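S.K.: with the input below, show me the fold.
(2 chains)
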Number of protein chains: 2
Amino acid sequence: MNTIQQKESFLNICKDVAKPEQWERFNSGDLMVHAGDYLSKVYIIKSGLFKVCLEHREQKLTIGYLSTGSFTGLIGGESNFQYPYSIKTVADSEVYVWDRNKISELLTVFPGIANELKSTSSLWAMKLVDRLKTFAFLADYQRVACWVFDYFKYNDYYGNNIWSLLSEKEMAEYCLVGIDEFKNSMKQLALSNIIRYSHLNCELLDAKRLKFIIQAEN
Amino acid sequence: MNTIQQKESFLNICKDVAKPEQWERFNSGDLMVHAGDYLSKVYIIKSGLFKVCLEHREQKLTIGYLSTGSFTGLIGGESNFQYPYSIKTVADSEVYVWDRNKISELLTVFPGIANELKSTSSLWAMKLVDRLKTFAFLADYQRVACWVFDYFKYNDYYGNNIWSLLSEKEMAEYCLVGIDEFKNSMKQLALSNIIRYSHLNCELLDAKRLKFIIQAEN
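M.R.: Residues are numbered from 1 along each chain as shown, chains lettered A, B, ... in the order given. Got it, this is the predicted structure:
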């Protein structure tokens, strides 16, 4: 079995073995995980969309999104670990909730999945690094360009078309800019023929020039 | 064997088994890892101090430091992974350089170490999260307060007294402020009896008020 097949079998087993009480529904806006919690659960997203946030007083920062097929709650290996993020639904969602120890056992039977989880956590570290660069180095307009760049860079975003589930307000918050600033920047990118977009979809027309905007001195 | 004993045995084995060509010296200012490299090596710091940086054009951002006993190069598990950081010496340093596959084999004999590596990478993720919060939410003076806070929070910094190996310029760069701003903020913290410091050492007198400064609205 290759990794994709293994992942499918794994998700199918999760579906077959899951007891009714392991299957949870969250409505849009619900809080699934509260920053500072000690997680003993692993969450596997069946459908919908969650955002992973950092909070500081009234301010919020979205680090990234969890869409269909994403896992969360395996941070810190087997040890008990205070979870640094809040996780909230962006759209109505369905989740399998697993005991962390049980999922660890199950993963021994699926080495491909265990490896994928490792690279998932590396991918997550990469997302953190990208976000750090964005906030340390980039100006407002560049941060909006970066959102578009991230969207097409991460297959779990683009492949699941999470654009259609996000409001402009939500995207503006991701960029830490006001909604008017977000709209103007998006218009500017569209007028420059770098993207074409509606509230349901975004198409990348010129990746080179998009990258150039992000790399430019601000 | 508990984890500390295992770590000692592991580092002793590294010392005993290491061939002369595995033992490398770096002078202050040397580049050990270049951002974008595919690492097939694991580096174990024997002595000295390294900084882990992100770069964007002329700008630099130090994410954290690697001091005696730190590992690096295991990111991405067994798969080949493009390393997102540059790693440079801050002081003259000595390092054991290992083939990643060999270290993975060795680690199967030391489950405690393997677990510690997992929590090390979680600690590293926590450092990234703290840095993200700092840059997304905090003002200049708060970022300097945050450096002091981080220093006492992370045992590998405080326990190894890395303060004595860092210049004020280096610390100002960590905070992404100018050197004058850094000095003024440190003076302010000292005048408020929150810290006592010299270029070789820092003492925390009032952790509560330090935290309060970081948490305050800016």
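S.K.: which residues touch the residue positioned nearest the centre of chain A?
M.R.: Centroid-nearest residue in chain A, with C-alpha atoms, centre = their mean: residue A:65, separated by 1.9 Å. Residue A:65 makes contact with A:49-52, A:90, A:156-157, A:162, according to C-beta atoms under 8 Å, 6 or more residues apart in numbering or on different chains. Every C-beta, even on glycine, is put in place using the N, C-alpha and C of the backbone.
S.K.: show me which of these is closest to residue A:58.
M.R.: Lowest distance from residue A:58 to the contacts of residue A:65 (C-beta to C-beta) belongs to residue A:51, with 17.0 Å.
S.K.: quick check, that closest one in contact with residue A:61.
M.R.: No - the pair residue A:51 / residue A:61 is not scored as a contact, 10.2 Å apart, by C-beta atoms under 8 Å.
S.K.: buried sites along the strand ranked longest in chain A?
M.R.: For chain A, the longest strand by residue count, based on DSSP state E, is strand A:41-56. Residues A:41-46, A:48-54, A:56 are the ones in strand A:41-56 that count as buried (16 or more other C-beta atoms under 10 Å in any protein chain shown).
S.K.: who does it pair up with?
M.R.: Within its sheet, strand A:41-56 is paired with strand A:59-67 (antiparallel), strand A:71-72 (antiparallel), strand A:86-99 (antiparallel), according to DSSP bridges.
S.K.: between those, which gets nearest to residue B:26?
M.R.: The closest of those to residue B:26 is strand A:59-67. By C-beta to C-beta, the value is 33.1 Å.
S.K.: any weak-confidence spans in chain A?
M.R.: Scanning chain A for pLDDT under 70 picks out A:1-8, A:74-81, A:111-113, A:115-119.
S.K.: circling back: Throw the strands paired with strand A:41-56 into a markdown table and include distance to residue A:187, thanks.
M.R.: Below are the strands paired with strand A:41-56 laid out as a markdown table (distance: least, C-beta to C-beta, whole Å):
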| stretch | distance to residue A:187 |
| --- | --- |
| strand A:59-67 | 22 |
| strand A:71-72 | 35 |
| strand A:86-99 | 23 |
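S.K.: right, so of those strands, which gets closest to residue A:123?
M.R.: Per C-beta to C-beta, nearest to residue A:123 of these: strand A:59-67, 9.5 Å.
S.K.: quick one, phi psi at residue A:186?
M.R.: Geometry field for residue A:186 lists phi and psi as phi -70, psi -40, criterion degrees, to the nearest 10.
S.K.: centre of the chain to the helix ranked longest in chain A, how far?
M.R.: Counting by DSSP state H, the longest helix found in chain A is helix A:111-137. Here helix A:111-137 is found 10 Å from its chain centre; the criterion is C-alpha atoms, centre = their mean, to the nearest Å.
S.K.: quick one: is the following helix or strand past that helix near chain B?
M.R.: Counting by DSSP states H and E, the next helix or strand C-terminal to helix A:111-137 is helix A:140-153. No - between helix A:140-153 and chain B, judged by C-beta under 8 Å from any C-beta of the partner chain, nothing touches; the nearest distance is 10.2 Å.
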